[in-house]
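1. Could you work out the structure for the sequence below:
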Amino acid sequence: MAFVSSTLRLAVALAMIVSARPVSAAPEEPARIAVLPLSVDGELPEDVRVELSTRLRTGLDGNDHEIVEGTDERCTTDNCWKAVAKKMRARHVVEARVIVRDRDYEITAELVDGRTGKVTASTQTRCEICGFTELGDSMDTVTNALQRKLAVAPVDPPMLVVRTRPAGATVLVDGDPVGTTPMSAPVAAGPHEIVVRKAGHIMQRRRVVSVDGVREAMTLQLARAPQDEEPQKRSRALGIAGWTAFAAGLAAVGAGVGLLVIHDDPIERDCDGQNVDIEGNCKYLHDTRTGGIAATVVGAALLGTGIALVVVDRKRAKATRTNLSVGPRGIRLTTRF
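-> The predicted structure follows:
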């Protein structure tokens, strides 16, 4: 039995060794660097311009990034540079300029971070009384300086990616709105409180710790918020009472006005025979002034009450707010009047 057991263990170990395969991580897509066409202020032969542009792109080329030719766009604002980088799908943008004054040359190159639109490196060199060979060497000097900056460039900032079903929810990071789902935005490294809210849905709260170079992605299912039935019932009852009082008041005022109008008018059914004097006047007249005044006063009071109840109902409906949120500690319901 001991021999059989040892044989089985050996067979299992051999099977594991044979079945093992080295797993290689998928290569990351290299970062793109957009190199804008060389800007020249002054007279410079076309072949020299092409040579300088080629040296610039070749000098920046590396294993961890890809060089692409950018469009001939020049920017003066961060947002403009960000738009250019987004258009080229580039992490960095390089702009180089050559100023020519007779045989004196000044070469300036700037490295722009495509995520922020800010210049992260700038280098400049002068070549006085130079030939084209020395001018090419000066371009190499500038390019090497930018290459060293790229070698020590910081890692990407943390990225927050939020998707919701349904979409169109507002995302707040530490109380500040950063976008509408689906969205992605860079955030500072460290802890953050994420709030996702959409009208008619339960608000979601999450706490995350952002790390440089890491994308924090979340997909949230937003549930419909239940209606607060009791305030609605009270509001409906208040509204019904108000409109009922208004209708009753209107009827009472109408009746009161009618009674006041017929006061001192003859009672037609009793105006015959002995009930009519020599001048043809009926003895019996309507005595409705008191009732008319009373009905009018009561009706006016009911009208005022009805109007007041309707106004209060409208204000209460506008002032009532129900807020549900889901967080690490469960569901929280808050109703404000």
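2. How about the secondary structure of S122?
-> strand (DSSP: H, G, I helix; E, B strand; the rest coil).
3. Likewise for T296?
-> Assignment for T296 (three-state DSSP): helix.
4. Please identify the buried residues of the longest helix seen in the chain?
-> Ranked by residue count, the top helix of the chain under DSSP state H comes out as helix 229-262. For helix 229-262, a neighbour-count test (16 or more other Cβ atoms under 10 Å) marks 235, 238-239, 242, 245-246, 248-249, 252-253, 255-256, 259-260 as buried. (Glycine included, C-beta is placed from N, CA and C.)
5. chain center to that helix: distance?
-> Put simply, helix 229-262 sits 46 Å off its chain's centre (Cα atoms, centre = their mean, to the nearest Å).
6. Give the other helices and strands that it contacts.
-> Applying 3 or more Cβ pairs under 8 Å, 6 or more residues apart in numbering; DSSP states H and E, we find helix 229-262 packed against helix 289-319.
7. buried set for the helix it packs on?
-> Those would be G292, A295, T296, V298, G299, L302, L303, T305, G306, L309, V310, D313, for helix 289-319 by 16+ other Cβ under 10 Å.
8. again, but for stretch 162-179
-> Per 16+ other Cβ under 10 Å, stretch 162-179 contains these buried residues: V162, T164, A169, T170, V171, L172, V173, V178.
9. Which residues are in contact with the third one?
-> Same thing as A169. Contact analysis of A169 by Cβ atoms under 8 Å, 6 or more residues apart in numbering lists V162, T180, T181, V196, R197, K198, H201, L220, L222.
10. again, only this time at 10 Å
-> When contacts are counted by Cβ atoms under 10 Å, 6 or more residues apart in numbering, A169 is found next to 162-163, 179-183, 195-199, 201, 203-204, 220, 222.
11. what's the answer for the first one, then?
-> For V162, the residues meeting the contact criterion (Cβ under 10 Å, 6+ apart) are 169, 171, 173, 178-185, 194, 196, 204, 206, 216-220.
12. switch the cut-off to 8 Å
-> 169, 171, 179, 181-184, 194, 196, 217-220.
13. Also the second one?
-> Contacts here follow Cβ under 8 Å, 6+ apart; on that basis T164 touches T181, P182, V196, K198, T219, L220, Q221, L222.
14. one more time with 6 Å, if that's ok
-> Listed by Cβ atoms under 6 Å, 6 or more residues apart in numbering, the contact partners of T164 are T181, L220, L222.
15. Redo these as a markdown table? Include secondary structure.
-> Converted to a markdown table, the contacts of T164 look like this (three-state DSSP):
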| residue | secondary structure |
| --- | --- |
| T181 | coil |
| L220 | strand |
| L222 | coil |
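16. Among the residues you listed, which one sits closest to H92?
-> T181 (28.8 Å; Cβ to Cβ).
17. Number of residues surrounding I202?
-> Neighbourhood size, I202 [other Cβ atoms under 10 Å]: 20.
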